[in-house]
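A.B. asks: Need a 3D model of the following:
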Amino acid sequence: MKKVLFLALALGSFTFSSCDSKKEDAQEQVGENVKEAGEAKADAMEEKADEVRDSADAKGEAIQDGADKMDAAGTTTTTTTTEEVKK
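C.D. replies: Here you go, the predicted model:
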């Protein structure tokens, strides 16, 4: 009988020790909230970086298109050296 009672008490103590306390649950929730806020901030920063990258790509393409139109129109550019200017 004592063995059965001892086993029942031991089993009961393991059951209660595996439960989280309210304080532990609250701390875990705070940690989860911090992680989620960090993810949201990182997502927003990535979105902003994509916008900047897309804007720079569009401006670069526009400049290149303008240069292509100059070549198509027969406009050529020449470079002069310092020695040519002195002559």
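A.B. asks: Export only the CA atoms of stretch 52-60, formatted as PDB.
C.D. replies: Provided in PDB are the C-alpha atoms of stretch 52-60 (Å, rounded to 0.1, in the frame of the first residue of the first chain):
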ATOM      1  CA  VAL A  52      14.900  52.700 -52.800                       C
ATOM      2  CA  ARG A  53      16.400  50.000 -55.000                       C
ATOM      3  CA  ASP A  54      13.400  50.100 -57.500                       C
ATOM      4  CA  SER A  55      13.600  53.900 -57.600                       C
ATOM      5  CA  ALA A  56      17.400  53.900 -58.300                       C
ATOM      6  CA  ASP A  57      16.800  51.200 -61.000                       C
ATOM      7  CA  ALA A  58      14.200  53.300 -62.700                       C
ATOM      8  CA  LYS A  59      16.400  56.500 -62.700                       C
ATOM      9  CA  GLY A  60      19.300  54.500 -64.000                       C
END
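A.B. asks: Show the average pLDDT along it.
C.D. replies: Per-residue pLDDT values over stretch 52-60 give a mean of 96.
A.B. asks: and what of stretch 72-87?
C.D. replies: Per-residue pLDDT over stretch 72-87 has a mean of 60.
A.B. asks: if I look at Ala42, how far off is Glu28?
C.D. replies: Applying Cβ to Cβ, to the nearest Å, the value for Ala42 to Glu28 is 21 Å. To be clear about C-beta, it is placed using only N, CA and C from the backbone, and glycine gets the same treatment.
A.B. asks: How about Asp68?
C.D. replies: Applying Cβ to Cβ to Asp68 and Glu28 gives a distance of 59 Å.
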